[in-house]
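Q: sequence first, then the predicted structure, then my questions.
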Amino acid sequence: MTDPRVLIVGGGIAGLGAAHALRAKGIRADVFERNPRPEAGGTGIYLPANAVRALTTLGFGAEIRAAGHEIRQIRMLDHRGRPLIELPIDAVWGGIAPSVAVEHAELRRILRGGIDVLTKSFVSDDAAPYDLVVGADGIRSAVREWVFPDAAAPRPVGEVAWRFVTDGYPVEHLWCTWQGHGRTFLAVSLGAGRVYCYADLTTAAAAPSADWRTLFAEFPEPVQALLAGATDVHHGTIEEVFLDEVHRGKTVLIGDAAHAYSPNMAQGAALALEDALVLAGTVDDLDGYARRRVARARWVRGQTRRRDRARHLPPLLRDTVLRTIGPRLFKAAFRPLLDPP
Ligand SMILES: Cc1cc2nc3c(=O)[nH]c(=O)nc-3n(C[C@H](O)[C@H](O)[C@H](O)COP(=O)(O)OP(=O)(O)OC[C@H]3O[C@@H](n4cnc5c(N)ncnc54)[C@H](O)[C@@H]3O)c2cc1C
């Protein structure tokens, strides 16, 4: 295609990433975003090394390092605080890039730089003048519903989660989880005493209405102090989306519109940014785009589901597995993602 007219629906991580990646190839795109203030609110986000590598390729390496906080160590503890896994981050990612935790609003601010975004909710008539329509409109994608009406609706994975950012956590450079029975608490340092926390519970029901903090009452300090400091808590049901086919006619899906999983691998932003980069290089070969990206997304889905299944193991068995072969399993889950997308 010479000088294609491109519409990107969604100004999130995937959509803004695609706008930058296409522009670097000399292709200008219109970006529709329905939320007039998408930067507002949000909590934190952990960006493993392949996400930071993609941001660096997009030209944001220095900015993300400055805005975020480098994570150097992975620690998994049981619900009493006893060690299960301890790993330097470079043992997982082989030094391909730093891994970083950042406030969500900062990531959006960085990606928004230099991109004109039109505040508009997409309807199918909008697609007519364009040669390429990129559905980057998230897990409840309107583009997916319109072009892939046969695709399965988002499927609840049987987990609910609470997320918040708080202060008073002096630990630096650490990604740390406490593993309870059917529940997990994660604390990721944001630097200068700030911390991004994520708590989840295995349940078939919607988020419990009782005070959710009591679900984590058996967890040790500093979890109790962090829970006590939780304000502006985001909570929701975790859902999964996966499509074998992400390209039809002039439409292609990227980011959560094409693949969204339980966040236990923290690969959402990485996959979205990699999608954006690969798309920009395959505008004339969208089947090639689909082949490359569906394979990667399928790998992440397989690993994510494996981790989700491990939540149902008896705690004694799970803890023994984690203490003995946990580091090896951890590294193997990410190994193929070290390769460039
Ligand atoms: C609890 C939880 C924790 C997570 N933690 C992490 C983590 O630590 N690390 C990580 O990498 N990932 C994490 N993720 C996943 C990550 O947030 C997503 O994968 C990522 O935000 C996907 O980006 P996206 O741009 O595809 O979708 P979104 O961020 O959902 O962006 C889609 C955009 O499209 C807009 N939009 C929607 N419909 C329309 C329409 N009709 N017209 C115009 N605009 C529209 C929306 O307003 C939105 O701005 C987590 C997810 C959850 C649920």
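A: Noted; the coordinates are in hand.
Q: which residues in the stretch 51-200 of the chain form helices?
A: Secondary structure of the stretch 51-200 of the chain by DSSP state H, counting those that start in this stretch: the helices cover 61-67, 89-93, 104-112, 142-147.
Q: okay if I get those helices as JSON lines plus mean neighbour count, mean pLDDT and distance to the ligand?
A: Any C-beta I mention is one placed from the backbone N, CA and C, and that applies to glycine too. As requested, the helices of the stretch 51-200 of the chain are exported to JSON lines (neighbours: other Cβ atoms under 10 Å; pLDDT from 0 to 100; distance: least, Cβ to the nearest ligand atom, whole Å):
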{"stretch": "helix 61-67", "mean neighbour count": "16", "mean pLDDT": "98", "distance to the ligand": "12"}
{"stretch": "helix 89-93", "mean neighbour count": "18", "mean pLDDT": "97", "distance to the ligand": "14"}
{"stretch": "helix 104-112", "mean neighbour count": "20", "mean pLDDT": "95", "distance to the ligand": "8"}
{"stretch": "helix 142-147", "mean neighbour count": "20", "mean pLDDT": "98", "distance to the ligand": "4"}
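Q: looking at the ones you listed, which is nearest to D287?
A: When the helices of the stretch 51-200 of the chain are compared by Cβ to Cβ, helix 142-147 sits nearest D287, at 15.3 Å.
Q: list of residues touching the closest one?
A: Helix 142-147 is contacted by residues 9, 121-124, 133, 135, 137, 151, 243, 248-249, 251, 253, 257-258 when judged by Cβ atoms under 8 Å, 6 or more residues apart in numbering.
Q: ranking those residues by neighbours, who comes first?
A: A257 (32 neighbours; other Cβ atoms under 10 Å).
Q: do you know the pLDDT at that one?
A: Per-residue pLDDT puts A257 at 98.
Q: next one: it from the ligand, what distance?
A: A257 sits 6 Å away from the ligand, going by Cβ to the nearest ligand atom, to the nearest Å.
Q: okay, now the closest residue in space to that residue that isn't next to it in sequence: neighbour count?
A: Distances taken as Cβ to Cβ, 6 or more residues apart in numbering place S141 nearest to A257, at 3.6 Å, with adjacent residues excluded. Neighbour count for S141, taken as other Cβ under 10 Å: 27.
Q: wouldn't S141 be in contact with T251 here?
A: No. Judged on Cβ atoms under 8 Å, S141 makes no contact with T251 at a distance of 10.6 Å.
Q: find residues that contact each of those two.
A: Residues touching both S141 and T251 (Cβ under 8 Å, 6+ apart): G135.
Q: give me every residue that touches the closest residue to the ligand within the stretch 101-250 of the chain.
A: Using Cβ to the nearest ligand atom, the closest approach of the stretch 101-250 of the chain to the ligand is made by G138 at 2.8 Å. Shown in contact with G138 (Cβ under 8 Å, 6+ apart): G10, G12, G255, D256, A257, A260.
Q: if we use 10 Å, what do you get?
A: Counting by Cβ atoms under 10 Å, 6 or more residues apart in numbering, G138 makes contact with 9-10, 12-15, 144, 241, 255-257, 260, 272.
Q: up against the ligand, what does the stretch 101-250 of the chain have?
A: Residues of the stretch 101-250 of the chain lying near the ligand by Cβ under 6 Å from any ligand atom: S121, F122, A136, D137, G138, A142, A161, R163, I238.
Q: test my guess that the second one contacts E33.
A: Going back to what we said before, that points to F122. Yes. With contact defined as Cβ atoms under 10 Å, F122 counts as touching E33 (9.4 Å).
Q: now do the shared contacts for those two.
A: Taking Cβ under 10 Å, 6+ apart as the contact rule, F122 and E33 both touch I8, V9, G10, D137.
Q: what is the first one paired to in the beta sheet?
A: Looking back up the chat, that one is I8. Judged by DSSP bridges, the bridge partners of I8 are V31, V134.
Q: is it true that it touches D126?
A: No. Assessed by Cβ under 10 Å, I8 is found out of contact with D126, at 11.4 Å.
Q: what distance do you get for D116 to R108?
A: 15 Å (Cβ to Cβ, to the nearest Å).
Q: where in this protein is pLDDT low?
A: Residue ranges of the chain with pLDDT under 70: 207-210.
Q: grab the longest strand from it for me.
A: In the chain, with assignment by DSSP state E, the single longest strand is strand 155-166.
Q: partner strands of it, with direction?
A: Sheet pairing for strand 155-166, using DSSP bridges, gives strand 194-202 (antiparallel), strand 234-242 (antiparallel).
Q: pull out the buried positions in that strand.
A: By 16 or more other Cβ atoms under 10 Å, the buried positions in strand 155-166 come out as V157, G158, E159, V160, A161, W162, R163, F164, V165, T166.
Q: thought the fifth one was touching L215?
A: No. Taking contacts as Cβ under 10 Å, A161 lies outside contact range of L215: 11.5 Å.
Q: single out the most deeply packed of the strands paired with strand 155-166.
A: strand 194-202 (a mean of 22; mean count of other Cβ atoms under 10 Å).
Q: now that strand and helix 104-112, what's the angle there?
A: Relative orientation of strand 194-202 versus helix 104-112 (axes from the mean of the first three to the mean of the last three Cα atoms, to 10 degrees): 110 degrees.
Q: how near is the residue most central in space within the chain to G168?
A: Centroid-nearest residue in the chain: G268, 2.4 Å away (criterion: Cα atoms, centre = their mean). To G168, G268 is 27 Å away according to Cβ to Cβ.
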